[in-house]
Structure formats: structure tokens, C-alpha cells
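*Asks:* model the structure of this input:
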Amino acid sequence: MPKKPQITEFSIRLNKVLDHFNIKAAGLAVKVECSSATISKILRSGRGIGRGLAESIHRHYGVSIEWLRFGKGEMLYAAKSEADTGMGDELAVLLEAAERVLKSNTHYAHSLAANIISFEKGLKSEQNHEQRIARLEKKDGSILKCDSVKKKDESC
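*Replies:* Prediction:
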């Protein structure tokens, strides 16, 4: 006797993606570069998917990896989409991963937080430096703004 398809929460979520984007399993498979048999098997078995496939679906459709894999959060989040923010897909994935690490309360979270704070201080310092240069240029039009890398014969 053949096995009945097992409807799971994951199967329901993946079907929501297919419905939302009006695509079939075969179309999804082509887009994310896997076999249609793999997608069909995932839908029938109800088993979850790995991070790589979830990231590929995220890259192509903007679906939240956390929602897709674990049902957490919203399916789509406009705040992190490239169209709204100008950020690339890779950066959105990176931000999502950083958010997960920061919530983990491990030594990785503390290290990442320290690096983010250091990076933010560096940005503020660079912004302050640019503002100082702009003020000096307003006062004295003869001050030139130099690149950090100069050719041998150039001077500031």
C-alpha cells in the first residue's frame, strides 16, 4: 500500500510560498537550481529543508529563512528587501544570521556585539572626520580633500 503524503507545518509553509508567487514545484526547482523531484519529495514527505536551499529560496523570492525553516516571524519582510533598502540579498541574509547570533547569548553573540560596536564607532569617527573637512573647506577654499592612497608625485 503506498504511503499517504504527510502534511506538516513545513509542507504548508512551502505550499504558501508556491501559492504566493503563483509557481509550481517544478518552477521553484528550476529557480533554486535543484531537481523537481527533490522539491516534490520535500512536499510529499513534509521533511524540512537545509539552510542552503532555504537561502536560495530567500535570494530568489525574499522569503524569510527563519519562517521557511522554523515557522518563526513573517513569510516576507519588506524592510530587508533590496527594492526597499538598496541592500543586496547577501546582506539581508547576513543581517538575519547576525540577528540570530545576537539573540543566542553565547560567546559568539558577545564577540559579534563588540565588533558591531567597534564598527559603529569607526563609522562615526569617519563621519566626524568628513564633517570637519567640510567645515574647513567652507572656511578656507584652498584646503584640498586627499584620497588615502596617493600617487608618488601627488601631494595634498
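
*Asks:* from here on, contacts and neighbour counts on C-alpha atoms
*Replies:* OK.

*Asks:* which intervals of this protein have sub-threshold pLDDT?
*Replies:* Scanning the chain for pLDDT under 70 picks out 1-7, 77-92, 140-156.

*Asks:* now with 90, please.
*Replies:* Counting by pLDDT under 90, the low-confidence segments of the chain come to 1-12, 20-27, 29-56, 58-156.

*Asks:* quick one: the helices in it, in order.
*Replies:* Using DSSP state H, the helices of the chain run over residues 9-20, 25-31, 36-45, 51-61, 65-70, 82-85, 89-103, 107-139.

*Asks:* for the first one, which positions count as buried?
*Replies:* The neighbour-count check on helix 9-20 (16 or more other CA atoms under 10 Å) flags Glu9, Phe10, Ser11, Arg13, Leu14, Asn15, Val17 as buried.

*Asks:* could you export those residues as CSV, including distance to Ser40?
*Replies:* Below are the buried residues of helix 9-20 laid out as CSV (distance: CA to CA, whole Å):
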residue, distance to Ser40
Glu9, 16
Phe10, 13
Ser11, 10
Arg13, 14
Leu14, 11
Asn15, 11
Val17, 14
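
*Asks:* taking these, tell me the two that lie furthest apart.
*Replies:* Greatest spacing in the buried residues of helix 9-20, by CA to CA: Glu9 and Val17 (12.7 Å).

*Asks:* hmm, who's touching stretch 60-77?
*Replies:* For stretch 60-77, the surrounding residues in contact (CA atoms under 8 Å, 6 or more residues apart in numbering) are 9-10, 13-14, 17, 31-32, 48-51, 54-55, 57-58, 81.

*Asks:* I misspoke; the intended subject was stretch 102-114.
*Replies:* With CA under 8 Å, 6+ apart as the contact definition, stretch 102-114 has outside contacts at Ala98, Val101.

*Asks:* mind running it again at 10 Å?
*Replies:* The contact list for stretch 102-114, computed with CA atoms under 10 Å, 6 or more residues apart in numbering, reads Glu96, Ala98, Glu99, Arg100, Val101, Asn115, Ile116, Ile117, Ser118, Phe119, Glu120.
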